[in-house]
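1. Structure of the sequence below:
(chains A, B and C)
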Amino acid sequence: MLREGDIRIPSGCAISGFINRKGNTVSGEQIIRSIALMHERSNGLGGGFAAYGIYPEFRDYFAFHLFYENHAVREETERYLNKNFNMEMGGPIPTRKTTGIRNLPLIWRYFVKPKLELLYQDEMNTNEFVVERVMEINSSMPGAYVFSSGKNMGAFKGVGYPEDIGEFYRLEEYKGHIWTAHGRFPTNTPGWWGGAHPFTLLDWSIVHNGEISSYDANRRYLEMFGHKCTLQTDTEAITYIFDLLVRKHGLPLDVAVAVVAPPFWNEIDRMPPEKRAIHRAARLVYSSLLINGPFSIVLGSSRGIMALNDRIKLRPLTAAEKGDFLYVASEESAIREICPQPDRVWMPRGGEPVIGLLNDQALQAEEEEGMLHMAVGERTSRS
Amino acid sequence: MGFTKRPTFRVERDSCRCIDCGVCVRQCANEVHYLDIDTKEVLCDSTNCSNCRRCVELCPTGALAVWGAPQETSGNAAWAVHDIRAIQAQANSGGILLTGMGSDRPMPGYFDRMMLNASQVTNPSIDPLREPMELRTFLGRKPTVLQLDDKGKPVDLPPQLELDVPIMFSAMSFGSISLNAIKSLAAAAESENTYYNTGEGGLHRDLYPFGKNTITQVASGRFGVNIDYLNAGAAIEIKIGQGAKPGIGGHLPGEKVGQGVSETRMIPLGSDAISPAPHHDIYSIEDLTQLIFSLKEATEYTKPISVKIAAVHNVAAIASGIARAGADIIAIDGYRGGTGATPLRIRDHVGIPIELALAAVDSRLRDEGIRQEVSIVVGGSMRHSADVIKAIALGADAVYIATAALISLGCHVCQKCYTGKCNWGIATQNPQLVKRLNPEIGARRAANLLRAWKHELKEMLGGMGINAVESLRGNRLMLRGVGMMDSELRILGIKAAGE
Amino acid sequence: MKRIRIKEEYCIGCRLCEVHCIAAHGKYKNDLIKTFKRDCNRPSPRIVIEEKEDTCFALPCRHCREAFCIRSCLTGSMTRDPETRLVHNEVERCVGCWTCIAACPYGAIVREGRHTKIAAKCDLCGQDPACVKHCPNDAIVYEEVGEDDHYDACNHR
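-> Next up is the predicted model:
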């Protein structure tokens, strides 16, 4: 049987996520409860979490999480990593034995920084360098797969129900200010752990519910610009789309939203001239990046979260606020499970993003430490 | 030694129904029907029948039928009737065989062996009767990166053609077809917000009001090209070649060059209009750049420039060169593409199928990372909306239709365009025949065709769970091949059905 | 008020208007085959194609505002319907003197049939003219016209 990456697997899903806008951290126990409530939206063939702010002591280091099929490939990959990066620390990610979690790969974690001399040699900025190396490992080292590569954040995922995955990774021991979660309902077995959500690149993480009808149009456009869609999943493609638009092309997040979930032309035609100009240009230039078909996603980054529906809202998505917390989930019940009395609950319209950013104080604390690039974007040294 | 000309088709008159009204007599420019002076009966001689079916369609009692002549089946699999006939004709004339329209040989078609996808369970199909469904298409160069100025405003984009439906009327010159036919297409293009193409015959002064829906063509003969002409349209197309006759130029016989054609083409009355095979200022790719930029300079960079080529063996590399030469649109014409007049052997034996050419070009431009810099328009026997949608899924931005458009005007594909005796008033300059095509009716019918296809495109898109046509462009996962070899699947970039 | 208008530039001279006019006014109403094969006294066409060299057009009665045919009619059978403003021939009073045929400047009045000695002319087929319906090129159209557009033969000499 073909494993995920060799074949495209449609999935239905549950998603949930929240942010504390002040940057106060909470343990993983809450997000597990939220996603567990939507148990029947997944079928035990995939679950995962992304958490931000969990590695404060290593905030300057890229935290690489890897799946290995065996120790031989681990050793080979570590040689590659050591050649390209200075490694502060590395070792297996702590897990616990959990019923329902089987066929484990080796799961390792490394905190690394790119070697300066290589950066100068290639005239690349740090992010570009990391992306290239991650793509290199994922596309040309069979049996090794980087599933998380951001700073002060991490993805934890596998094949199983999400609550079992959470227990397996001992997430109650981590504290973060952003948590997202995913329960997966693939139509056939993915065969390995890489295809589970969230999908990440640098500090982007995406959990996603949907099946994109425009997948091949999106993929083929992305591949022109060096993104290799090795997993054949929508989530991978969506992550790369945001990476291309926001990180590589330096577009503001609202313009990126106008690309992936644009208003209809007859609505654009009625907009005031300035607004119309930007929407028209966004659709015209990036027509191949329109994400067509049903989706609801939660995009995480070190700066905050954004939840978004496809433009005609073919997948469920609910949002709620309570104090400094912003919650989004497939179902309202999943929010009320961990926040019984929110100040406000609403259903965002199709194409209308729900954005929760860390507030200035929280950001400042983060910014002093590292590079952030969600809303402003960051131009590459090449462009 | 000569042979008596034998009919290719046999006209059958049902005498029980024929009322001797003489409509057929008056309508047949080939003089097949005649009124017998002695008996006052309407009779016919099938020898010159071209199977244009004008008489059949207009006969008020349905008394007429036209059949392929039955005595012509030789039963010899090696020597088909048309081969034997061709030799006899050439033995008579010593000349090249001429024909019209696209190739009618039974070569394999790939569109018919590609099946479309539809949503079931895992994602919903979209109902175009209840939900918006977008076909709006922009043709022209797109920047790789959307540049915003300091205030967040988008920097001006290169000029674009904006279409409400990704279908345009392909190049057909005034000369090869009648002014009424062009007026019909121009008006239909205007009403459906798309474009028609002048072909290489210049722009008749009556057509200037349709300028915003016009693509003016510059071909090797440069007929009718002047600065007003270049500025009159919304885009300019440099015609290098066409699918029906790759490698050779057009030939409009002097008989078709009347006052109107002569003035529009800027050539003497009654003279043959012969386009050179190549552009004599384009012997290489760098020469093409110069012409592209000459045209851009002349029109002050306000119009996208298209370059039209025939689909030939090395089409991917050629298209890549054209993109790099500065073209904004590449039009590719497949080997089944039609024409008013072409040598039979060239029509039937030169060029490659548009499906393979399109897939190869789209893949190559993507491999080189320049697909977004040009739009791809394909033509060459787009028979229906499913061909259109499959072309888009393979990677086209839009398609050109010509034969289908003419059929909507009345053409019955008799392939005798080159004789100038088109009974439907399309491929003729004879004023008696030209007036048979009322451009008001023509415009209505051509617009109806576009609208009908538009509805079908929306249905098929919705079935695939897509509500904007750009999400289908190059989305080859929506296609599966049946009955194809691995090499064909590989070139088309699609999976076999069941995979 | 709706009248027939002729578009000369699109008339292709096929004479389908004549054929259908005949059948519309024959005893086998609108049945072409029976009209032409069985009716030896089938009517004359009330619309006629005029043809010379490259030019051709159909010519039916224009229902002139000041009509010569009405003025010249000996028996008063040629009258104008006060409501529809159409000129029509009351066959009971028509004696077949052919004065109207001689008077009509357009030649739009004909003898009813080979064996019927009365005058016949376009009656617009009761507001649904057969010629218009069957013209393959929209060269005969039936459209609303203003009183002023109404062609006036008497004042147009």
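2. residues in contact with residue A:356?
-> By Cβ atoms under 8 Å, 6 or more residues apart in numbering or on different chains, the contact set of residue A:356 is A:19, A:21, A:304, A:305, A:306, A:326. C-beta coordinates here come from the backbone N, C-alpha and C atoms, glycine included.
3. Where do the strands of the stretch 1-150 of chain B begin and end?
-> Assigned by DSSP state E, counting those that start in this stretch, the strands in the stretch 1-150 of chain B fall at B:9-13, B:33-35, B:42-44, B:64-68, B:98-99, B:114-116, B:137-139.
4. Now, the contacts of residue A:356 that are in helices?
-> The helices, defined by DSSP state H, take in nothing from the contacts of residue A:356.
5. For residue 101, which residues are in contact?
-> Picked chain A for this. Contacts were defined as Cβ under 8 Å, 6+ apart; by that measure residue A:101 touches A:158, A:159, A:160, A:164, A:165, A:168.
6. Please refer instead to chain B.
-> Residue B:101 sits next to B:244, B:338, B:339, B:403, B:413, B:415, B:417 when contact means Cβ under 8 Å, 6+ apart.
7. Which one (most neighbours) among the residues you listed?
-> Tallying neighbours with other Cβ atoms under 10 Å in any protein chain shown puts residue B:244 at the head of the contacts of residue B:101, with 31 neighbours.
8. does that residue really touch residue B:345, like I thought?
-> No - applying Cβ atoms under 8 Å, one finds residue B:244 not in contact with residue B:345, separated by 11.9 Å.
9. can you list residues touching both of these two?
-> Going by Cβ under 8 Å, 6+ apart, no residue sits against residue B:244 while also sitting against residue B:345.
10. Give the residue spans of chain C that score low on pLDDT.
-> The model of chain C has pLDDT under 70 over residues C:147-157.
11. Pick out the residue of it closest to chain B.
-> residue C:36 (3.5 Å; Cβ to the nearest Cβ).
12. Report the secondary structure element holding that residue.
-> Assessed by DSSP states H and E, residue C:36 sits inside helix C:32-38.
13. Can you list the strands that the helix or strand just after that helix pairs with?
-> Tracing the chain C-terminally past helix C:32-38 and defining elements by DSSP H and E, one meets strand C:48-52 next. For strand C:48-52, the paired strands and their directions (DSSP bridges) read strand C:55-59 (antiparallel).
14. Need the residues that contact the strand it pairs with.
-> Counting contacts by Cβ under 8 Å, 6+ apart, the residues outside strand C:55-59 that touch it are C:6, C:8, C:11-13, C:17, C:47-50, C:106-108, C:131, C:135, C:139-140.
15. Point out where the chain drops to low pLDDT.
-> Here I'm looking at chain A. Across chain A (using pLDDT under 70), the flagged ranges come out as A:1, A:365-383.
16. That was the other one, I meant chain B.
-> Across chain B, the ranges flagged by pLDDT under 70 are B:1-3, B:70-74.
17. which parts of it sit against chain A?
-> B:119, B:122-124, B:126, B:131-132, B:134, B:136, B:138, B:142-143, B:145-146, B:148, B:152-154, B:157, B:160, B:366, B:369, B:371-372, B:464-468, B:470-478 (Cβ under 8 Å from any Cβ of the partner chain).
18. can you tell me which of those are up against chain C?
-> Counting by Cβ under 8 Å from any Cβ, no member of those reaches chain C.
19. filter those residues to the buried ones?
-> Among those, those classed as buried by neighbour count (16 or more other Cβ atoms under 10 Å in any protein chain shown) are B:119, B:122-124, B:126, B:134, B:136, B:138, B:142, B:145-146, B:148, B:154, B:157, B:160, B:366, B:371-372, B:464-468, B:470-478.
20. quick one on the thing from earlier: pick out the most distant pair among the contacts of residue A:356.
-> Between all members of the contacts of residue A:356, the longest pairwise span (Cβ to Cβ) is found for A:21 and A:306 and amounts to 13.2 Å.
21. Can you pick out the residue with more neighbours from those two?
-> Neighbours of residue A:21 and residue A:306, each counted by other Cβ under 10 Å, are more numerous for residue A:306; the result is 26 against 21.
22. List the beta-bridge partners for the more buried one.
-> Checking residue A:306 by DSSP bridges, which sets the bridge assignment, gives partners residue A:299, residue A:355.
23. That'll do, ta.
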